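Undergrad: pasting the structure only:
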């Protein structure tokens, strides 16, 4: 695999995180976006400044008269759609830390979300019930700051990192649609990639745990969330790759706080496919990727389908290695 293909894969590896319209925890959402990692998850890019934009499309529902805590209320018969963007800047300095490459990132999500509920009940512990409601919002979510550290050894690449949700986004108190989460949160994660340049085969996996603080507007504290994402790909020549992707999600502790109606735990699995394309614009490498996920085995969250559309590119040219 030549440098052009490697740079394309490394640019894709700069994926960071955004708001999540999938369902788990309070209002069935966590700030870690399931499916955001996968291909090249363990590969840290070379020194430089990178830009990536993820467009995330989601369509799901929570049927069967099941209840979802959202906006300080209980919503029944929930359906939701979202189109979110997650522009990200990633800086990898030239200086190594612990013999690894340090990455520092900032993501500011924004977008559109629509939520329909057949019935809403004021107050999580019961109260006045109202009829069908539709809530639509287009706004900015909570920024996320991240740090990672990555290493390489032959065909193996691995990194560890953390993501912090900073609760300063546009949170609409009492509404059932929100992109911001209005609480602090931290995700710790590790990823491993095996990539054989000769054959073009790649296996990647990423494991993480999300910890949530209480939402002061609803007195609701979401439980800890364990997530695992994987990818199996074949790289073809210099320009494109094709493979399978998936994830598993388990909420390991129940929700708590005055706003929690019960120990509310979510679970979900998903499988899908991905295709990536590497090309150049003005002699600069650009990577494009599409990922599709279909969820199954879902509990206490909406079940649906999601699509990621990703563009990643360096904003400055990393130093090229000297010829051997």
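TA: Cool, got the structure. A quick note: this is a predicted structure, and the numbers were derived from the prediction, not measured. Numbering: from 1, shown residues only.

Undergrad: Could I get the full set of strands for the stretch 201-324 of the chain?
TA: Applying DSSP state E, counting those that start in this stretch to the stretch 201-324 of the chain gives strands spanning 201-212, 214-215, 220-221, 225-236, 240-251, 267-281, 284-299, 303-314.

Undergrad: Ok, the stretch 1-150 of the chain next?
TA: Secondary structure of the stretch 1-150 of the chain (DSSP E, counting those that start in this stretch): strands at 48-70, 73-92, 101-107, 110-122, 129-130, 133-140, 144-153.

Undergrad: quick one, which of the ones you listed is nearest to residue 312?
TA: strand 48-70 (4.0 Å; CB to CB). All C-beta spots, glycine's among them, are computed from the backbone N, C-alpha and C.

Undergrad: quick one: average pLDDT of that closest one?
TA: The pLDDT scores in strand 48-70 average 79.

Undergrad: Number of residues surrounding residue 257?
TA: Residues near residue 257, counting by other CB atoms under 10 Å, number 15.

Undergrad: if you average pLDDT over each of the strands of the stretch 201-324 of the chain, which comes out lowest?
TA: Among the strands of the stretch 201-324 of the chain, strand 220-221 carries the lowest mean pLDDT, a mean of 87.

Undergrad: So which elements touch that one?
TA: If you count contacts as 3 or more CB pairs under 8 Å, 6 or more residues apart in numbering; DSSP states H and E, strand 220-221 packs onto strand 214-215.

Undergrad: what lines up beside the strand it packs on in the sheet?
TA: Applying DSSP bridges, strand 214-215 is found paired with strand 220-221 (antiparallel).

Undergrad: Pick the most buried one from the strands of the stretch 201-324 of the chain.
TA: Mean neighbour count (mean count of other CB atoms under 10 Å) peaks for strand 220-221 among these, with a mean of 24.

Undergrad: one step back: residue 51 is nearest to which of the strands of the stretch 201-324 of the chain?
TA: Among these, the nearest to residue 51 by CB to CB is strand 303-314 (6.0 Å).

Undergrad: Now do the end-to-end distance for stretch 169-180.
TA: Start-to-end span of stretch 169-180 (CA to CA, to the nearest Å) is 5 Å.

Undergrad: and residue 304, which of the strands of the stretch 1-150 of the chain is closest to it?
TA: Residue 304 sits nearest to strand 48-70 of all these, at 2.4 Å, using CB to CB.

Undergrad: My guess is residue 204 contacts residue 155. True?
TA: No. With contact defined as CB atoms under 8 Å, residue 204 does not reach residue 155; the gap is 12.0 Å.

Undergrad: can you list the strands of the stretch 1-150 of the chain in CSV and add mean neighbour count and distance to residue 268?
TA: Shown next, in CSV, are the strands of the stretch 1-150 of the chain (neighbours: other CB atoms under 10 Å; distance: least, CB to CB, whole Å):
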stretch, mean neighbour count, distance to residue 268
strand 48-70, 19, 10
strand 73-92, 21, 14
strand 101-107, 20, 22
strand 110-122, 19, 18
strand 129-130, 12, 28
strand 133-140, 15, 23
strand 144-153, 18, 21
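
Undergrad: Turn these into JSON lines, columns for distance to residue 311.
TA: As requested, these are arranged in JSON lines below (distance: least, CB to CB, whole Å):
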{"stretch": "strand 48-70", "distance to residue 311": "5"}
{"stretch": "strand 73-92", "distance to residue 311": "10"}
{"stretch": "strand 101-107", "distance to residue 311": "14"}
{"stretch": "strand 110-122", "distance to residue 311": "16"}
{"stretch": "strand 129-130", "distance to residue 311": "42"}
{"stretch": "strand 133-140", "distance to residue 311": "20"}
{"stretch": "strand 144-153", "distance to residue 311": "19"}
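
Undergrad: Identify whichever of those strands lies nearest to residue 297.
TA: Proximity to residue 297, assessed across those by CB to CB, is greatest for strand 48-70 (13.8 Å).
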